[in-house]
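A.B. asks: Predicted model, plus sequence, below.
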Amino acid sequence: MLYPLRCLIKRGIVQVANRLAPAVAVRLVAGRSLRQDDGSAPAVQSQIEPQAASGWQTGRVVYANQPLECVAKVISRAFAEPVVVDASAKELTFSGVLALDDEGAVLHRLALFLPIAV
């Protein structure tokens with residue numbers, strides 16, 4: 001399995017299992033998320049807004065206490081220039097909504113909320 005693992009369920013039901021340990025499957029319903037950062041830590045479930053699961057499709061992404069490194073990966077997928085997070089900032093977390101309109105503008109708005117330089 002590749003880590004980190006993220007599942008955000010907008011509608012329906014999904015069962016997530018590691019093929020090496022199928023008996024430990026997790027069932028997720030709409031409005032739930034699953035996050036596992038590596039294979040040694042247990043997966044964490046949380047409640048989400050179902051619309052947040054697909055916000056990227058409409059140019060908006062919603063975060064709730066997400067590590068900055070995860071936020072950077074989403075921004076990198078949305079734009080041509082990859083976003084690199086310095087090791088000293090990887091543990092910072094972000095909660096909020098980002099409009100994915102322009103990479104420079106997105107990074108500037110992120111810097112308004114976090115002690116980072118862009």
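C.D. replies: Arrived safely. Numbering: from 1, shown residues only.

A.B. asks: pretty sure residue 96 is touching residue 63, no?
C.D. replies: Yes. Contact criterion C-beta atoms under 8 Å: residue 96 and residue 63 qualify, at 6.0 Å. (C-beta placed from N, C-alpha, C; glycine too.)

A.B. asks: neighbour-wise, which of those two wins?
C.D. replies: residue 63 (19 against 15; other C-beta atoms under 10 Å).

A.B. asks: Spatially nearest residue to residue 109 (excluding sequence neighbours)?
C.D. replies: residue 98 (6.5 Å; C-beta to C-beta, 6 or more residues apart in numbering).

A.B. asks: where does this structure have low pLDDT?
C.D. replies: 1-3, 39-40, 50-56 (pLDDT under 70).

A.B. asks: quick one, strands of it?
C.D. replies: 5-8, 13-18, 21-29, 32-36, 44-47, 60-67, 93-99 (DSSP state E).

A.B. asks: With distance to residue 77 added, can I get those strands in a markdown table?
C.D. replies: Below are these laid out as a markdown table (distance: least, C-beta to C-beta, whole Å):
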| stretch | distance to residue 77 |
| --- | --- |
| strand 5-8 | 12 |
| strand 13-18 | 21 |
| strand 21-29 | 22 |
| strand 32-36 | 17 |
| strand 44-47 | 22 |
| strand 60-67 | 10 |
| strand 93-99 | 13 |
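
A.B. asks: Among the ones you listed, which comes closest to residue 118?
C.D. replies: strand 93-99 (13.2 Å; C-beta to C-beta).

A.B. asks: No more questions from me, cheers.
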